[in-house]
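> Turn this into a structure:
(one chain, ligands or ions: 2)
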Amino acid sequence: MTSITFLGTGDSMGVPRVYCDCGVCEEARTSGRNRRFRSSVWIETDAEPLLLDCGPDWTSQMEKLGKRYVGDVLITHAHHDHIGGLPEWADACRWLRRKGNAYAPQEVIETVLERYPWLDRFIHFHNVDEGMEYGGWRIRPWKVCHGKNGYAYAYHFSREGFRWVYCSDSIDLSDEQKAPLNDLDLLVLGTNFYKEEAARGTRSVYDMTEALELLELVQPKRVLFTHLSHGVDTAEAYPLPPHVGLAVQGETYRLSRE
Ligand SMILES: [Zn+2]
Ligand SMILES: [Zn+2]
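Ligands and ions are numbered 1, 2, ... in the order given. Below is the predicted model of the structure:
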């Protein structure tokens, strides 16, 4: 079976935000429905599993999942919420005497190694600028606008009978950057808020209202929103079409048309 499990559906600071006592953060501290780790996905493939992004909540996410080891990590971009767990993963690789494999575009690898120069002693870095084959999937990255934060990468996964995209950190995509979003069975898209009030120039991720406009254009069969900040309450019934929903942390979604 090939499937994805959301290990985290939170934005860069996670939910609750340490400094914050808003309703969603308070709820996240008590019943915990809104408790969200930094965004990351566990992909079951025909071969070994592949972890998509390794943020600062990585150890808690592995414990929750009940896995002791992951050997392969795919990275979207070198922001802390997506790579902050790499030093701990490298340490785990060191203890187990198994060298891990990290896959990312070349410029992301360079930034990661500037930040954590010792990682390549424990992890092999593989440049995926030209895409790669992994566990039955053809995987291809492309650069997406990340607003005031510059650029991130999204990944397009395809195999016979299923195409999906993971695009957690993007906004204001150009027509060219939108092109790989056509003809998808599943789009996993980052949306920090339902409606974000901050000035456009300070923004870095789509909100749900803007995402709905994008979906009108590219029309994926199914959509899951992730990278959700404390501005999103999972108990709230946001006005979304039936094929669009919030990704549920801990939930597994099958990647097949049946
Ligand atoms: Zn992010
Ligand atoms: Zn809050």
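
> What distance separates the opening and closing residues of stretch 17-32?
13 Å (CA to CA, to the nearest Å).

> Spatially nearest residue to the closest residue to ligand 2 within the stretch 51-200 of the chain (excluding sequence neighbours)?
Scanning the stretch 51-200 of the chain for the residue nearest ligand 2 gives residue 193, at 11.6 Å (criterion: CB to the ion). All C-beta spots, glycine's among them, are computed from the backbone N, C-alpha and C. Distances taken as CB to CB, 6 or more residues apart in numbering place residue 231 nearest to residue 193, at 4.0 Å, with adjacent residues excluded.

> Distance of the one you found relative to residue 141?
Residue 231 is 28 Å from residue 141, where distance means CB to CB, to the nearest Å.

> In terms of neighbours, single out the busier of these two.
Here residue 231 and residue 141 are compared on neighbour count by other CB atoms under 10 Å; more neighbours surround residue 141, at 24 against 17.

> Can you tell me the SS state at that one?
Three-state assignment for residue 141 (DSSP: H, G, I helix; E, B strand; the rest coil): strand.

> Contacts only, for it.
104, 105, 128, 129, 131, 153, 154, 155, 156 (CB atoms under 8 Å, 6 or more residues apart in numbering).

> Tell me how many other residues surround the last one.
The number of residues packed around residue 156, counting by other CB under 10 Å, is 20.

> pretty sure it contacts residue 139?
Yes - the criterion here is CB atoms under 8 Å, and residue 156 meets it with residue 139 at 7.2 Å.

> returning to what we had before: restricted to buried residues, select the contacts of residue 141 in ChimeraX.
Burial among those is assessed by 16 or more other CB atoms under 10 Å; the matching ChimeraX selection reads:
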select :104,105,128,153,154,155,156
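
> Which of the contacts of residue 141 fall in strands?
Using DSSP state E, the subset of those located in strands is 104, 153, 154, 155, 156.

> In contact with residue 226, which residues?
6, 9, 39, 168, 188, 189, 190, 191, 246, 247.

> who does it bridge with?
For residue 226, the beta-bridge partners are residue 190 (DSSP bridges).

> Distance of it relative to ligand 2?
Going from residue 226 to ligand 2 by CB to the ion, to the nearest Å gives 18 Å.

> distance of residue 114 from residue 163?
34 Å.

> Looking at the two, which one has more neighbours?
Using other CB under 10 Å, the more surrounded residue of residue 114 and residue 163 is residue 163, with 20 against 9.

> Alright, I will stop here.
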